[in-house]
Structures are given as structure tokens and as C-alpha cells.
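Participant: When you get a sec, could you give me coordinates for this:
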Amino acid sequence: MKVFHRDILSTLLVVPSFILAQDSTESLNGQIVKLYQEGKVEEAIPLAEKVTALEKKAGKDSEGVAAALTNLAMLHTARYKALQQDLDNTTEKSKRSKLVGAWRKAAERAEELMVVAMKIYDKLELSDTVAAAAVKTEMASMLTDYEPFLASFVPTPKRGEDAHRYYREALATYDRAIGPDSEQSLDLVMKLAFLYVRASHFERGLNYYERYVSAVEKLRGKSDKSLVPALRGVMEIMLITDQKDSASKIAERIASITGQPEKTLVPQPILSSRASSLEPVEGFETPIFYSTLVFNFYPRNMFVPSHSTSVTFINTTVQRIGVKILVDERGNVVEANLTDPSNPKMKVVEDAAMKAKFHPFVYKGVPQKMSGVMVYTKISR
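Facilitator: I've put the predicted structure just below:
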């Protein structure tokens, strides 16, 4: 069954499209689009389920079924994001408990549908198409935004690994099908850069940022405002790795583009994923890359609060102890200080951080220092 693209769900898909099956489902799809535009996602979902059922009758595991599943997944994603916003704005415990259940259900349903859609594209040998790349892009976004942390407060590293893989596969498809300098490819380049830096894989993040800068300079010139996020990303890496002169030059360039002074605050990334060895602390989870979980409680950026946190969420208390560290050029911790020095009982965590070993960051053949934090987590139920 023929599939075409329409510029409707551009806020959800990297490729601006709502994949719609034609023929007998055209009328239903039109209603779904209208309801989505009006923000009536709850009403649109049953119609999208009908479309999926009709497509399955017309041909099991067809391209039309994959398209219908994708649309249905996108609607559940929209519902998940709306519920997430409600959660952010709700403090009453009973309401939050109900919202969490619906929030989890929407996220997990969206993931389930996207997995089936990707399997169909694989079966049809269409996994290297733009349509399949759009599903992978949305799946990667969900994997980095949602963590089923109620089952376990220690997130699954595999989710982060899968997200990187889906983004890379989608980027390879976009590069081949619509060009490496296309809007879709460059959008994914920035997403990958951010993810790698957030995971403290600064080398890979820097490569993607530099690719973006090079492409945009060629397409739009060296003063284009869309360069600013990537330049800030490079500047942050320079600050994290103690390359202040390089960071200052980038800050000056950003200021020349924006017309505003650029702050050069040193970010405090979580460096755990760069560790080659970590000292365990009794009663605490071994520090790992905390993917989305950290950002459910911390601000959604690279900066970590300068104090410890304790959060009670549905009869579970999560206590986090942060330790600021300085890593030398050989990967040894030379300084470790609790972010909240008012809690002397946690010095055991500080001592453990001093014993950690890290993979050094090498820039243009020269090893560099790194600064950041280690986050130790204690879970009580």
C-alpha cells in the first residue's frame, strides 16, 4: 500500500511528516490530523488504532501497517509528553501517583509500537529508508527521555547505548538518502553531539559538533545564529578539559554572533562513564552513567546542583551525594570534594572518588585535565 508524507507532526518527527496510508484509511487519517492539530490526542488515539486494524486486514506486516503503527506511536508519545508536563506542574501526592501510571503506560506503549514498526521495516528490507529512520529517531528520543525508573532506580545503560545506535543508523540513512548537509542530518548530528557529551564521551561529541559547525558555515556563513548551540557545546568541552584560552576565543565568537556577552561557566558533567575503575561504597549504588534518571531530578542540562539531593517518590527515597573531582592528564583523581560539605558522614564517598581511575581526554594528541562530578546514590524503600 502506498505511503506518503505530510508536514503535520514536525514537532515529533525529525523528518517533518505524518506518515499516512491512503485508500480506505484516508478519511480516518484526516480526522486524526485534525484532532492532533487541535491538541485532542486522547480522541485521536482510538481512530489511529482503527487505522492500524484496517491496515493489518489489508496486509499483515506491510509498509502500510508500519506507517500506521508509527502514527499511533507518535500519538502515544504526544500523550506521554503532555502527562510529563502535568507531572512537572503537580505536587499533590495522590494526583502524581495517578499521573505516573498513565505516563509510564503512554511511554511504554509508544516504545512497543515503534519496536514492531521497526521489525516490519527490517522484514521488508526497508530499514534503510527515510520512513524507518524517522521511527528510529523517535525511538532514540524516547530512550533518552524516559527511564522505567519505578521498577529500579538504577537506569539501564543499554537504553543509552540503543539510543546512540538508533540515532547513528538514522543519520547514516539521512546522509545517504537526502544528504549529509540536510536539515534532518544536521539535527541528528546535534542530538548525537549532546548525547555523547552528556555521557562524557567528549571526543565523539566534539567530532559531531565540529561537523555541524563546518556544514553550517558552508551553507549559511560564519555568522549564522544556528551555529551558537554547537559553538557553546565546543566551548563547554574546552572548559571541562581545562582549555580556558580556547574556550575564551569561542566565547568571543559567540558574542560576535549574538551581540551579547557570553558567560564561560565551567559545566560539571557526570564523569562516571569515563571511569576505568571505581571504588564501591557500602550502601551506595556504584556510580554509572545515569542517562535520563539524573535529569528527572536535576535540571535538564549539564550542570549538577552544588548540594546533595534527597527525593521521596512513591514510598522510595533516593539520596544522591555529589563529589566534585579534578582528573589529571593520566586519568588520576587529584582532587575530590563533597558538593555538600555540611554532611561529614559522607566523607567515605569522597575517599572512594579519590581512588577512581579515568580514561584521559586527548585533544589534538595532547592529554588534558578534566573536571566534573561523581554521583553516588542510596536507595531506601
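
Participant: What ranges does the stretch 151-300 of the chain have for its helices?
Facilitator: Taking DSSP state H, counting those that start in this stretch as the criterion, the stretch 151-300 of the chain contains helices spanning 157-177, 183-198, 202-220, 228-240, 244-258, 291-297.

Participant: same question, the stretch 1-150 of the chain
Facilitator: 26-37, 41-58, 63-88, 93-123, 130-145.

Participant: ranking these by mean pLDDT, which is last?
Facilitator: If these are sorted by mean pLDDT, helix 26-37 sits at the bottom with a mean of 87.

Participant: average pLDDT for stretch 147-166?
Facilitator: In this model, stretch 147-166 has a mean pLDDT of 70.

Participant: now swap in stretch 186-194 and tell me
Facilitator: Rounded mean pLDDT across stretch 186-194 is 96.

Participant: Relative to residue 233, how far out is the residue sitting nearest the centre point of the chain?
Facilitator: For the chain, residue 144 is the residue whose C-alpha lies nearest the centre (Cα atoms, centre = their mean; 3.6 Å). Here residue 144 is placed at a distance of 16 Å from residue 233 (Cβ to Cβ, to the nearest Å). C-beta: built from backbone N, CA, C; applies to glycine.

Participant: repeat for residue 75
Facilitator: Residue 75 is 32 Å from residue 233, by Cβ to Cβ.

Participant: So which of these two has more stuff around it?
Facilitator: Neighbours around residue 75 and residue 233, counted as other Cβ atoms under 10 Å, are more numerous at residue 75. The numbers are 28 against 25.

Participant: In contact with the more buried one, which residues?
Facilitator: Listed by Cβ atoms under 8 Å, 6 or more residues apart in numbering, the contact set of residue 75 reads 32, 36, 41, 44-45, 48.

Participant: mean confidence for stretch 229-237?
Facilitator: 97.

Participant: Please point out which parts of it sit buried.
Facilitator: Across stretch 229-237, burial judged by 16 or more other Cβ atoms under 10 Å covers 230-237.

Participant: Closest to residue 260 out of those?
Facilitator: The closest of these to residue 260 turns out to be residue 232 (Cβ to Cβ; 12.4 Å).

Participant: The residue nearest to the closest one when sequence neighbours are not counted and residue 213, how far apart?
Facilitator: Leaving out its chain neighbours, the residue that sits closest to residue 232 by Cβ to Cβ, 6 or more residues apart in numbering is residue 254, at 6.5 Å. According to Cβ to Cβ, residue 254 stands 12 Å off from residue 213.

Participant: Which one's more surrounded, those two?
Facilitator: The neighbour comparison of residue 254 against residue 213 (other Cβ under 10 Å) goes to residue 254, with 22 against 18.

Participant: Does the more buried one touch residue 231 like I think?
Facilitator: Yes. Residue 254 lies in contact with residue 231 (Cβ atoms under 8 Å); the separation is 5.2 Å.

Participant: possible to save the helices of the stretch 1-150 of the chain as CSV with distance to residue 342?
Facilitator: Listed next are those as CSV, based on distance: least, Cβ to Cβ, whole Å:
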stretch, distance to residue 342
helix 26-37, 50
helix 41-58, 45
helix 63-88, 28
helix 93-123, 28
helix 130-145, 33
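
Participant: Out of the ones you listed, which is closest to residue 191?
Facilitator: Smallest distance to residue 191 across those (Cβ to Cβ): 7.6 Å, for helix 130-145.

Participant: tilt between that closest one and helix 63-88?
Facilitator: 20 degrees (axes from the mean of the first three to the mean of the last three Cα atoms, to 10 degrees).

Participant: got the angle for helix 130-145 vs helix 93-123?
Facilitator: Using the same axes, to 10 degrees: helix 130-145 against helix 93-123 is 150 degrees.

Participant: so what secondary structure elements neighbour helix 130-145?
Facilitator: For helix 130-145, the packing partners by 3 or more Cβ pairs under 8 Å, 6 or more residues apart in numbering; DSSP states H and E come out as helix 63-88, helix 93-123, helix 157-177, helix 183-198, helix 291-297.
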